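**Student:** build the 3D model from these lines:
(one chain, ligands or ions: 1)
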Amino acid sequence: MKKSTIWMLTIVMALTFAGLLYVQVMYMEEMIKMREQHFSEGAKRSLYALSTALEQNETKKFLEEDMMVIEPEIFDSSQPQLQGIESYDFNNFRNNGLDDKISSYQKALKEQYLYQKGLLNEVILTILNQSSNRPITERADSATVKSYLKTELENNGIVIPFEYAIIDRNGNIVYKSSSYNENTNKKTIFTQALFSNDPDSRRHYINVYFPDKNKYIFSSIKFMIPAFAFTLILLIIFLWTIILAFRQKKLSEMKNDFINNMTHEFKTPISTISLAAQMLNDDSVRKSPTMMQHISTVINDETKRLRFQVEKVLQMSMFDRQKATLKLQEVDANNVIANIVNTFKLKVEKYGGRINATLDAEDPIVNVDEMHFTNVIFNLLDNAVKYRRDDCPLELNVATRNLPNNRIEITIQDNGIGMKKDDLKKIFEKFYRVSTGNRHDVKGFGLGLAYVHKMITELKGDIRAESEINKGSKFIITLPINN
Ligand code: ADP
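**Tutor:** Below is the predicted model:
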């Protein structure tokens, strides 16, 4: 996949996700708004119903009280309008004829009606005059308000705790529910005037708020949470995929570089060997023993070089396939290192350099695969030679010592070209090579340190590197020792 394709996919997916999230958020906002509106309407309706119920209650009470006073009067026979019914003589019904009786009965009823109307007017007047004079605590006591309010809220589908207070015109609290908080946000309080016929100066209001209102509103959009979670999971998976795609892309680029490198590395010895073979066909060459000697040395050297390259690629591919089967055995690290250092002495001296070994570890026995352990030390020493400086002789120090935690530390230090911090972080990655620019024409596959790292990890050890550009590098390995 091309890099531009990955980028395009990323942008399209990012826009899609942004759109999806936007729609979800908008939908949720709309839901919350609707739910709040619905709640507000319900609360307002309940408060209005409460106010009406209180007024009706008061009227009923007045009527009952007044009737108690008036009722005995109704049945008092001295009242003229009642005489009509009370003194009605049924014997006359037979004597004086039907019409007369009916008209006298109607007259009595009319008089009674007028009297009752007068009484009611009186009651209403009393309500108007007297009721607003009564203290609000009497007209709407806390228990009644609470029970009416609860019922009305329930009728409107609001079954959550509420706090209320009765306040006067100036906002002073007359009484309140036990947990009513005066500092509650004004916007969350619902207010309703009580006894709306009262004169303005004696007007009272009820304030109600719902402490759990937000929870109640949000509970209605709970079902959106899984949608959000799925979107989030999708987003994470998408990001992960993109990262993998980029990584894969980089890896494939590195692999291409590796193949180019390898071809180049193999081509040189092959062409040298083939040239030597052609020379052997020449009669004059065959007759000269020195020439023959020279050609055989060239073939030998180039074959060795080829074998070394093949070995390196093999080392890594072996680990790529599966976990290597290591032939672990007790090995004296000091001995192995001393042997490798000996082999390397010639190579280092060829470049005018020096190699020192300070093998101080008193407990040098490690449980490793000798072949791989040798390869590891060999790779590190080989790099030290490869990445030496031209302007000063190579100084290579190899040391071992025991650490207190049953481990052995092996350090390989050079005074070579060194590396930048950014490169230092990546040198143990497969195929990673520091671009050495034109300063060094060193060829490699970027596999050596990856192999070293993998091997040491496999052996339950650690490896880290310290380096300073133009000063040198130090590779520090620690391995568990066998007591
Ligand atoms: P290769 O040597 O084949 O490129 P390695 O994995 O052995 O691959 O090394 C990775 C990179 O680390 C090298 O390209 C080199 O730039 C850098 N490097 C390794 N060892 C040293 C060293 N001793 N001094 C400076 N640079 C080093």
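
**Student:** the chain: helices as residue ranges?
**Tutor:** Per DSSP state H, the chain carries helices over the ranges 3-74, 80-86, 90-96, 98-130, 136-139, 142-155, 213-219, 224-280, 283-287, 289-321, 333-350, 370-386, 421-424, 448-458.

**Student:** reformat these into a markdown table and put distance to P393 and mean pLDDT next to each item.
**Tutor:** Where C-beta positions appear, they are placed from N, C-alpha and C, glycine not excepted. Putting those into a markdown table (distance: least, CB to CB, whole Å; pLDDT from 0 to 100) gives the following:
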| stretch | distance to P393 | mean pLDDT |
| --- | --- | --- |
| helix 3-74 | 44 | 86 |
| helix 80-86 | 140 | 46 |
| helix 90-96 | 151 | 54 |
| helix 98-130 | 118 | 85 |
| helix 136-139 | 105 | 84 |
| helix 142-155 | 94 | 92 |
| helix 213-219 | 75 | 88 |
| helix 224-280 | 27 | 86 |
| helix 283-287 | 38 | 85 |
| helix 289-321 | 24 | 81 |
| helix 333-350 | 9 | 88 |
| helix 370-386 | 12 | 89 |
| helix 421-424 | 24 | 90 |
| helix 448-458 | 23 | 90 |
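
**Student:** which single residue of the stretch 201-350 of the chain ends up nearest the ligand?
**Tutor:** The nearest approach of the stretch 201-350 of the chain to the ligand comes at K312, 7.6 Å away (CB to the nearest ligand atom).

**Student:** what of the stretch 1-150 of the chain?
**Tutor:** Counting by CB to the nearest ligand atom, the stretch 1-150 of the chain gets nearest the ligand through K3, at 23.7 Å.

**Student:** looks like that residue contacts K249 (just checking).
**Tutor:** Yes: using CB atoms under 8 Å, K3 is in contact with K249, at 6.2 Å.

**Student:** any idea how far the residue of the chain found nearest the ligand is from V313?
**Tutor:** Among the residues of the chain, G444 lies closest to the ligand, at 2.2 Å counting by CB to the nearest ligand atom. Remark: distance between G444 and V313 (CB to CB, to the nearest Å) = 11 Å.

**Student:** who in this protein is up against the ligand?
**Tutor:** Proximity of the chain to the ligand is confined to 383-384, 386-387, 414, 416-419, 427, 432-434, 436, 444-450, 473 under the rule CB under 6 Å from any ligand atom.

**Student:** buried ones among these?
**Tutor:** Using 16 or more other CB atoms under 10 Å as the burial test, the residues of the chain next to the ligand include 383-384, 386-387, 414, 416-419, 427, 432-434, 444-450, 473 as buried.

**Student:** out of these, which sit inside strands?
**Tutor:** Of those, the ones assigned to strands by DSSP state E are S473.

**Student:** for I412, grab the count of nearby residues.
**Tutor:** Other residues lying near I412 total 22 when counted by other CB atoms under 10 Å.

**Student:** do I have it right that it meets D382?
**Tutor:** No: using CB under 8 Å, I412 is not in contact with D382; the gap is 10.5 Å.

**Student:** if I look at A193, how far off is R202?
**Tutor:** To R202, A193 is 11 Å away according to CB to CB.

**Student:** now swap in L396 and tell me
**Tutor:** L396 is 104 Å from R202, where distance means CB to CB.

**Student:** those two - which one has more neighbours?
**Tutor:** Counted by other CB under 10 Å, L396 and R202 do not tie: L396 has more neighbours, with 24 against 14.

**Student:** so what pairs up with that one in the strands?
**Tutor:** Beta-bridge pairing for L396 (DSSP bridges): I355.

**Student:** how close does it sit to R305?
**Tutor:** The gap separating L396 from R305 is 21 Å, by CB to CB.

**Student:** how about M292?
**Tutor:** M292 sits 20 Å away from R305, going by CB to CB.

**Student:** spit out the contact partners of the residue of the stretch 201-350 of the chain closest to the ligand.
**Tutor:** By CB atoms under 8 Å, 6 or more residues apart in numbering, the contact list for K312 reads 445, 447-448, 451.

**Student:** do G446 as well
**Tutor:** Here G446 is in contact with 254, 257-258, 261, 430-433 (criterion: CB under 8 Å, 6+ apart).

**Student:** mind checking how far it is from K2?
**Tutor:** Per CB to CB, G446 is found 24 Å from K2.

**Student:** what of V174?
**Tutor:** Per CB to CB, V174 is found 77 Å from K2.

**Student:** what's the answer for N133, then?
**Tutor:** Distance, N133 to K2, using CB to CB: 90 Å.

**Student:** and what of D301?
**Tutor:** Distance from D301 to K2, counting by CB to CB: 43 Å.

**Student:** so which of those two has more stuff around it?
**Tutor:** Set D301 next to K2 and count neighbours by other CB under 10 Å: D301 wins out with 13 against 8.

**Student:** buried stuff in stretch 345-361?
**Tutor:** Neighbour-count burial for stretch 345-361 [16+ other CB under 10 Å]: 348, 353, 355, 357, 359, 361.

**Student:** find the nearest non-adjacent residue to the second one, please.
**Tutor:** Leaving aside its chain neighbours, G353 sits nearest to L394 (2.9 Å; criterion: CB to CB, 6 or more residues apart in numbering).

**Student:** that neighbour against Q413, yeah?
**Tutor:** No: applying CB under 8 Å as the test, L394 and Q413 come out as separate, 11.3 Å apart.

**Student:** re the thing from before, out of the contacts of G446, which is most surrounded?
**Tutor:** R433 (21 neighbours).

**Student:** so how far is Y148 from it?
**Tutor:** Between R433 and Y148 the computed distance is 84 Å (CB to CB).

**Student:** check T272 too.
**Tutor:** Counting by CB to CB - T272 and Y148 are separated by 107 Å.

**Student:** also F475?
**Tutor:** Distance, F475 to Y148, by CB to CB: 85 Å.

**Student:** okay, the two: which has more neighbours?
**Tutor:** Neighbour tally, F475 and Y148, criterion other CB under 10 Å: the higher count belongs to F475, 24 against 19.

**Student:** which strand residues bridge the more buried one?
**Tutor:** Applying DSSP bridges, one finds that F475 bridges with I412, A465.

**Student:** any idea how far it is from T374?
**Tutor:** 15 Å.

**Student:** higher neighbour count, L394 and Q413?
**Tutor:** Between L394 and Q413, counted using other CB under 10 Å, L394 has the larger neighbour count: 22 against 18.

**Student:** how about that one, phi and psi?
**Tutor:** phi -70, psi 130 (degrees, to the nearest 10).
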